[in-house]
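Student: Let's see this in three dimensions:
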Amino acid sequence: MSSDSEAAAFAAPFKPPPFVEVWTPDGTVRRFASGTKAKFAIDRINNRIEDSNVRVDTIESVKEGEESVEFGPDSELVSYGKDWKLNAVCHSCSAEAFRVSSEQESNGGPPANEARKRKKPKAQETQKLFNAADFYPGGVLPQCSPPQNTCVYISNVLIVFGVLFALAGSWVYFLESKFFVIK
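Tutor: Got it, this is the predicted structure:
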């Protein structure tokens, strides 16, 4: 009976979990839904890493003794099996960025995972990032007059509605007239 259950377990196909785990360069694990685009995962990982020297370029699936499988930006992240591991790869970063975090940890500083937690930006930092004047020529914001709900404004709106109703009525009259009847 145990051989039957072993055979059934062996014959059962690998069922991947509804998420994939990606190991980041700093050693943390990020979970993404199965089918997430690699570009989105890379953007999310890069946003969570505070060290500007460390930027993830690609995600690859690795297994000991096998050639790694690299995911393109539009490919979906999938788990290939039990021993496969998804790694976020940083080709452009230096090994010194990782040494600094390990030295800081050994010198009694905050652990690497604690130091890398994302902090909410302060209001002043947000205003530095999103300066509305940068979107206008010369950096000058347009000056708007305050809204004026005067009698002139209201009468202009009523005149426009009257003209629209007159045009609509004449169009209906033209379409229903005896000159435009198709027999």
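
Student: When you work out contacts or count neighbours from here on, use the C-alpha atoms and nothing else.
Tutor: Noted.

Student: lowest-pLDDT helix or strand in the chain?
Tutor: helix 112-115 (a mean of 44; mean pLDDT, DSSP states H and E).

Student: Walk me through the domains of the protein.
Tutor: Domains of the chain are assigned by automatic domain parsing as 8-115, 151-177.

Student: can you list those domains in a markdown table and add distance to Gly138 and mean neighbour count?
Tutor: Output for the domains of the chain, formatted as a markdown table (distance: least, Cα to Cα, whole Å; neighbours: other Cα atoms under 10 Å):
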| stretch | distance to Gly138 | mean neighbour count |
| --- | --- | --- |
| domain 8-115 | 31 | 15 |
| domain 151-177 | 32 | 11 |
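
Student: any chance of these in JSON lines, with distance to Ser145 too?
Tutor: Listed next are the domains of the chain as JSON lines, based on distance: least, Cα to Cα, whole Å:
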{"stretch": "domain 8-115", "distance to Ser145": "40"}
{"stretch": "domain 151-177", "distance to Ser145": "14"}
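
Student: which one of those has the lowest average pLDDT?
Tutor: Among the domains of the chain, domain 8-115 has the lowest mean pLDDT, at a mean of 74.

Student: pretty sure Ser79 is in a strand, no?
Tutor: No: looking at Ser79 with DSSP: H, G, I helix; E, B strand; the rest coil, it is coil, so not inside a strand.
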